[in-house]
Structures are given as structure tokens and as C-alpha cells.
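Colleague: give the three-dimensional model of this entry:
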Amino acid sequence: MPGLASKTHVQMHRHESTMNLRPKLIVGLTARVLLLTTSAAGFVQSQSEPAGVQDDTRTVTDFGSRVAKYIDLRKKAGHSPKPAKDPAKLAESRKQIADKVVTERADAKQGEVFTPEIAAYFKTQIAATFAGSEGAKIRASLRRAEPVHGVALKVNGAYPQGVPLQSTPPTVLLNLPRLPKELEYRIVGRDLALHDTVTNLIVDFIPNVIPASENR
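Modeller: As a prediction, the model looks like this:
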């Protein structure tokens, strides 16, 4: 019967179409379940981290971004001069780069790199280091290294000639963010300076970051 055959053909076609859709529906539903599961896991993981850890991570990331911004500016002013046999020529090359950096950062002020949040993080890290088991040794090391007192730091200012560049003790450095090779931390009295080794400029500084003591 032609009518019955046609109707049976249509039903079979619908059944095949339904069967073909099932794998696609299963795949789609599986992908949505995996996405929701992954999102939930990520949410749980982020929630499991203490708020203080998350804040510290953001602070350190912000500091790294500000340091990178300064390095980009400094490199545009000129690459690190190669060692020269003539000290005067090397000093002149460094001064030319420094002058360009100062011009580009003419409006720079204390706290541009060490924002209040970043400075607070550094103070916490340094205070914890000095309060730890190595605190006495760190202070003794700073006293032996010809302490620097009475130097007024200034952003974009050159580190004064004839004043010792006091190194930051390794124990303190371990708890501070790492710096690119062009920069270093310097302790000046109780201040912490961010020093550009190429231009000899003070990029920024944190006043009174070193905990006070009777001997220092």
C-alpha cells in the first residue's frame, strides 16, 4: 500500500534523526557538566586561599608591574653602557642615560613604585625577618658594613658620591620580591632604596622601613 509505505518511511526517518541527535546532545551536556565542574573547582580553590595570601599576591604583582614599567622607560633612554677603558667616558655615558630618565620621570614622587600598599607589604616582610631567629645577626651585619646615616634620599636623585652603598643582607632579600639585574635594594639608615645600578639614580624609597633598635 503506497500510503502505508510512505508513512512507515517517514517514521523511520524521524527515528534515525532522533538517534543522530542523541550523541550531539550527550556531548553538549557532558561539556556543560565539565565546564560547571571546572568552574566550581576553581571557585572552591580560590575560596580556600586565605584572603591575606591573595592580597599579598596582588601586591607583589603590582610591584612587579611598576618595576617593569620603569625598566622599559630606562631602556628607552639608553642601554647599559659597555665597560670602557676610560672611566670618564663610562661615567659620561651613564650620566647621559640618567639625564634622559630624569626628564622622562620629571613628575615622579616618592611612592610611585612603593605605593602605600606595597610599602606596607615590605614593612611587614622586613619586620618579620628582623623579629626572626636571624634578626640579631642581620643587625650585626649591618653595623659591620659601615652604616649609612644622615643621607636624605630623593626620587630621581643620584646616590651621593662617597657614601657607601650598603648591601642588603641576603636573609632580608629572601623575603623580598626579586628585581631585574638593573635594580637593587639598598639600605640607607632605616630607609630602603630602590637603586638603579646603571644610572645611579634612586628610583623610589620607603622611609623608616628597618625596625628601630637601641643600637641602630
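
Colleague: from here on, just use CA atoms for contacts and neighbour counts.
Modeller: Fine.

Colleague: so who does the most centrally placed residue in the chain touch?
Modeller: By Cα atoms, centre = their mean, the chain has its centre lying nearest to G64, at 2.2 Å. Counting by Cα atoms under 8 Å, 6 or more residues apart in numbering, G64 makes contact with P177.

Colleague: go on, I118?
Modeller: Shown in contact with I118 (Cα under 8 Å, 6+ apart): T59, V60, F63.

Colleague: and the pLDDT at it?
Modeller: The model reports I118 with a pLDDT of 98.

Colleague: cool, and L29?
Modeller: 41.

Colleague: still on that earlier bit, will you turn the contacts of I118 into JSON lines that also has pLDDT, neighbour count and secondary structure?
Modeller: Output for the contacts of I118, formatted as JSON lines (pLDDT from 0 to 100; neighbours: other Cα atoms under 10 Å; DSSP: H, G, I helix; E, B strand; the rest coil):
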{"residue": "T59", "pLDDT": "97", "neighbour count": "19", "secondary structure": "helix"}
{"residue": "V60", "pLDDT": "97", "neighbour count": "18", "secondary structure": "helix"}
{"residue": "F63", "pLDDT": "98", "neighbour count": "20", "secondary structure": "helix"}
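
Colleague: residues contacting stretch 195-203, please?
Modeller: In contact with stretch 195-203 (Cα under 8 Å, 6+ apart) are residues 80-81, 94-95, 97-98, 113, 153-159, 182-186, 193-194, 204.

Colleague: ignore what I typed, I meant stretch 121-130.
Modeller: With contact meaning Cα under 8 Å, 6+ apart, stretch 121-130 is reached by D56, T59, G135, A136, I138, T171, V172, N175, L176, V209, I210, P211.

Colleague: much appreciated, bye for now.
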